[in-house]
Structure formats: structure tokens, C-alpha cells
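Trainee: quick one, structure for this:
(chains A and B)
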2 protein chains.
Amino acid sequence: MERHLDLELTDLKQQLLKMGTFVETAISESIEALKELNIEMVNNVISEDKIIDEMENAIDERCLDLLALRQPMAIDLRFITMSMKISTDLERIADLAVDIAQRVQDLAGKPLLKPLIDIPKLTNLAQQMTKDALDAFVNKDATLAENVILRDNEADKLRNLVQKELVDDYMSKDLLTVSRAVPLLLIARHLERICDHATNIAEDVIYMVKADVVKHHPEKLK
Amino acid sequence: MERHLDLELTDLKQQLLKMGTFVETAISESIEALKELNIEMVNNVISEDKIIDEMENAIDERCLDLLALRQPMAIDLRFITMSMKISTDLERIADLAVDIAQRVQDLAGKPLLKPLIDIPKLTNLAQQMTKDALDAFVNKDATLAENVILRDNEADKLRNLVQKELVDDYMSKDLLTVSRAVPLLLIARHLERICDHATNIAEDVIYMVKADVVKHHPEKLK
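Mentor: Numbering: from 1, shown residues only, chains lettered A, B, ... in the order given. The predicted structure follows:
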């Protein structure tokens, strides 16, 4: 049974990684849609969200089966329960990509407020943090997870920069920019939330690996 | 052992309800802080968030112990794993109350943009949905949970109304309102997210009770 469980856990990892790939694509596509104000791409993001929802359900089902049938202990038990939390985080990240796509709908037909300031930088950070957090999970790599947590401050800073620039340099100076600036402001906020979810995943990884609650105790990171 | 597990589950419920009470208070206090631009109350919300974080950790620990030591089956297994997901949702709701409190900090010293439009209404909805979702969980009440899910549309509508009014009636008409309107716009967004988390909890309840995946399948609700 021991070996059987190992195979099943490898399968669960593959399922999570596949879900992760879909989620990363959703982030890229939502921002590509923004750059090109491309409504077809917006619709793609929205329709692919359903597939990601199904993936979350499938992962939860599999985890419950493993808990019931294999009655795993120690690190395996934590890996399975954390998989259920992480599938939720991934699904919420996909929802945020949909939120971004919907803001692009609000912008359609209006000339884009150039430049997009630091939004592309914040997007790269959000994608990289998501990817690294998930890699850290499947590889039980606490060092990579700690690195994700440390980058969360950068995300907050970038979001503040975007917001400050939109408010001070555009909205407060020119009334005509408001309806185009508000969606960008919300998009920056959505991207920062994605980074928060990646951070949550990373905290779960450290908890799983170290069986220690780093979550809510950032001072435990050196 | 059967009876022992029942007692332990009753205890777990109490822990979740206590966490719920703290979270509801955080929402109220953050909006009271907004109404009165009261920085002392802002600080309260921020410092109490640490207690809520600890509560999440304690609930997760207890759930892992129950899974490892009692190896529960069927509805008990689902109740325990769902408790871990729900503690995360409650903790995120508390984080959103902190986000609201931080927006109040941004507003401090500036005259409040009157009226607060539908923000108080959206706040009541967010609190009621959170309370009902948690009650539905501990009482395994699928009907109440379905009712929470149906109210999520109302939350989206209210948020759109607030945003539309802020953009069209204030920001687009008077440059001087922008820096006071942006935090309100974000607060409406935070409140809507609280409703989303309550909806997630409600979906987990239905899943637990009916052992059926209503999550991501709203058409299953009649």
C-alpha cells in the first residue's frame, strides 16, 4: 500500500501542476487582452475558467478519496490536506484573471491610457510567484517558498506605485482619464491579490515541510 | 471512540463560531472606522487581525490531529476537511477588513465624500452572508447555504452601483473628489470580495451536506 500511495500522490501532483499551467495561462491571456484590448481573448479567459473550476473539484474529490481510503499519516496527510487548500488558491487566482478580463471589457472601445505604468511588471511578478509557489509545493522546497513570501512586499509596493501614478498624474489632472484609469487601478489590485494567493500557497508549503506554522509569523523567516 | 469524536467535532464547531464572531466584529469596526474616520478603530482592526490569524492556525492544527488520530469517514471526514477550507475563508475576510481599515487611513484628514452611497447596505449584506454561511456550516443547513449563494448577485449589483456613482457623479465631474473617491471604490470592492468568500463557504456547506459538487454549478440550485 505504501508504494500505491506514492503513485497516487505523484498523480495528485501532476493534477495540481496541470491546473497551475492553466492558471498561469489565464493570467497571461488576461493581460494580453488588456494590452491589445482584445475581446476575443477576454472571452477565452472567461470560458477557460470553467475548466479550471472543474479541476478544483476533481482535485478535492481525489484528496477526500485518498484521506478515506489510505488514511495517510504525517507528511502525506499534510500534503493531501494542503492540496485541497492550494487548489482553492489556484481557483481564486483564475477568478482574479476573470476579474481582470472583465475590467478589459469595461475599457473596450476607449483609447487605452498609455503607458500601462508598472502593470506589466506586476503581472510578471504575479505569474512568477504563482509558478514558484506551486513548484515549491510539489517539490517540498521550503527555500523556494520562503523566497516567494519575501517577494510579496515588492507586489504591494508596485501596486501602490501604479495607484499613486494613476491618481496623481492622470485622474487628478484630467477628468477625461477617470473612466479609463479606474479599471487599471482595479487591475493592479487584482494582480496584487494574485501575489497574496501565491504567498498563501508558499506559507502552506513551509507549514507542510517544516510542520511549523510560519503562516502569520513572517518573523520566523530569516 | 464514536462519542469522543462527536464531542471533538462540537468543540471544533465552537472554535469556528468564535472565529466567525471575531471576523464579523472586524467588518463592523472597519466600516465604523470609515463612517467616523476613526484611526483608533483602524488600529483595533489591524491588531485584532493577529488574533484571527492564530485562530486559523489553531483550527488547522486541530483538524489535522482529528484526521490523523480519529481517521473519520463520510460526513465527519468532509466536515473536518471543509473546516480547514472555511477557516482560510474566514481569515481572508478578516484580511479584507484590514484592507478596508487601511483605506480609511488613506482618507484620514480629508473631508469624507458624502454620502457613502450604498456602502453601508453592502456592508450589512457582507456581514449577514458571512454569518449565515457559517451558521449553515455548523448546522449542516443546505437551505440556508443556498440562500447565501443566491444573494451573491445582489452584492455584485451593489458594488457596481457604488462604482458607477463614484465615477460618474463624483470623479468624472470634480477633480478634487478623486483622492477621496478612490478609497471608497476600493472599499466597495473589498466588501464584494467578503461576499464572495461567504459564497465559497456556502458552496462548501452544500458540498458537505449533499456530497455533491454544487460549487461552480449554480444551475444545480433551484
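
Trainee: quick check: the gap between A:Leu166 and B:Glu54.
Mentor: Distance of A:Leu166 to B:Glu54, computed by CB to CB, to the nearest Å: 36 Å. The way it works is simple: take the backbone N, C-alpha and C, and place the C-beta from them, glycine included.

Trainee: quick one: the strands in chain A?
Mentor: Here chain A has no strands by DSSP state E.

Trainee: please list the residues of chain A that sit near chain B.
Mentor: Within chain A, the positions near chain B by CB under 8 Å from any CB of the partner chain are A:50, A:53-54, A:56-57, A:61, A:63-64, A:67-68, A:71, A:73-74, A:77-78, A:81, A:84-85, A:88, A:95, A:163, A:167, A:171-173, A:175, A:178-179, A:182, A:185-186, A:189, A:196, A:200, A:213, A:215-216.

Trainee: right, and A:Met41 touches A:Ala33 too?
Mentor: Yes. With contacts counted by CB atoms under 8 Å, A:Met41 reaches A:Ala33, the gap being 3.8 Å.

Trainee: more crowded one of A:Leu166 and B:Glu54?
Mentor: The residue with more neighbours, out of A:Leu166 and B:Glu54, is A:Leu166; 24 against 15, by other CB atoms under 10 Å in any protein chain shown.

Trainee: please verify my assumption that the more buried one contacts A:Leu184.
Mentor: Yes. A:Leu166 is within contact range of A:Leu184, at 5.9 Å (criterion: CB under 8 Å).

Trainee: got any residues that touch both of the two?
Mentor: The contact sets of A:Leu166 and A:Leu184 overlap at A:Ile117 (CB atoms under 8 Å, 6 or more residues apart in numbering or on different chains).

Trainee: and A:Asn139, backbone torsions?
Mentor: phi -100, psi 0 (degrees, to the nearest 10).

Trainee: so, low pLDDT: which residues of chain A?
Mentor: Applying pLDDT under 70 to chain A picks out residues A:1-2, A:114-115, A:212-222.

Trainee: which residue ranges form the helices in it?
Mentor: Using DSSP state H, the helices of chain A run over A:2-36, A:39-70, A:74-107, A:119-138, A:142-165, A:178-210.

Trainee: pick the most buried one from those.
Mentor: Of all the helices of chain A, helix A:178-210 has the most neighbours on average by mean count of other CB atoms under 10 Å in any protein chain shown, namely a mean of 24.

Trainee: does that helix pack against any helices or strands, and if so which?
Mentor: helix A:74-107, helix A:119-138, helix A:142-165, helix B:178-210 (3 or more CB pairs under 8 Å, 6 or more residues apart in numbering or on different chains; DSSP states H and E).

Trainee: for the longest one, packing partners?
Mentor: Spelled out, it's helix A:74-107. helix A:2-36, helix A:39-70, helix A:119-138, helix A:178-210, helix B:39-70, helix B:74-107.

Trainee: same thing with the shortest one?
Mentor: If you count contacts as 3+ CB pairs under 8 Å, 6+ apart, helix A:119-138 packs onto helix A:2-36, helix A:74-107, helix A:142-165, helix A:178-210.

Trainee: pull the number of nearby residues for the nearest residue to A:Ser179 once chain neighbours are set aside.
Mentor: In this structure, A:Ser179 finds its nearest non-sequential neighbour in B:Val167, 6.0 Å apart by CB to CB, 6 or more residues apart in numbering or on different chains. B:Val167 has 19 neighbours, counted by other CB under 10 Å.

Trainee: mind listing residues that contact stretch A:147-162?
Mentor: Outside stretch A:147-162, the residues that reach it (CB under 8 Å, 6+ apart) are A:117-119, A:121-122, A:125-126, A:128-129, A:132-133, A:136, A:184-185, A:188-189, A:191-192, A:195-196, A:198-199, A:201-203, A:206, A:214, A:218, A:221.

Trainee: so what touches stretch A:189-201?
Mentor: A:27, A:85-86, A:89-90, A:92-93, A:96-97, A:99-100, A:103, A:119, A:122-123, A:125-126, A:129-130, A:132-134, A:136-137, A:148-149, A:151-152, A:155-156, A:158-159, A:163, A:215, B:88, B:95, B:186, B:189.

Trainee: centre of the chain to it, how far?
Mentor: From the chain centre to the centre of stretch A:189-201 is a distance of 5 Å (CA atoms, centre = their mean, to the nearest Å).

Trainee: please apply the same query to stretch A:29-48.
Mentor: Counting by CA atoms, centre = their mean, stretch A:29-48 is centred 17 Å from the centre of its parent chain.

Trainee: mind saving the C-alpha coords of it as PDB?
Mentor: Provided in PDB are the C-alpha atoms of stretch A:29-48 (Å, rounded to 0.1, in the frame of the first residue of the first chain):
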ATOM      1  CA  GLU A  29      -4.200  36.000 -21.500                       C
ATOM      2  CA  SER A  30      -6.000  38.500 -19.400                       C
ATOM      3  CA  ILE A  31      -3.100  40.900 -19.600                       C
ATOM      4  CA  GLU A  32      -2.600  40.300 -23.300                       C
ATOM      5  CA  ALA A  33      -6.300  41.100 -23.700                       C
ATOM      6  CA  LEU A  34      -5.600  44.400 -21.800                       C
ATOM      7  CA  LYS A  35      -2.600  45.300 -23.900                       C
ATOM      8  CA  GLU A  36      -4.500  44.700 -27.200                       C
ATOM      9  CA  LEU A  37      -8.000  45.500 -25.900                       C
ATOM     10  CA  ASN A  38      -8.800  42.200 -27.400                       C
ATOM     11  CA  ILE A  39     -12.400  41.000 -26.600                       C
ATOM     12  CA  GLU A  40     -11.900  37.600 -28.100                       C
ATOM     13  CA  MET A  41      -9.100  36.900 -25.600                       C
ATOM     14  CA  VAL A  42     -11.400  38.200 -22.800                       C
ATOM     15  CA  ASN A  43     -13.900  35.600 -23.800                       C
ATOM     16  CA  ASN A  44     -11.200  32.900 -23.800                       C
ATOM     17  CA  VAL A  45     -10.200  33.700 -20.200                       C
ATOM     18  CA  ILE A  46     -13.900  33.600 -19.100                       C
ATOM     19  CA  SER A  47     -14.700  30.300 -20.800                       C
ATOM     20  CA  GLU A  48     -11.500  28.600 -19.700                       C
END
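
Trainee: ok, back up a step: who's in contact with the residue nearest to A:Ser179?
Mentor: A:Val178, A:Ser179, A:Val182, B:Ala181, B:Leu185.

Trainee: the same query, at a cut-off of 7 Å, please.
Mentor: A:Val178, A:Ser179, A:Val182 (CB atoms under 7 Å, 6 or more residues apart in numbering or on different chains).
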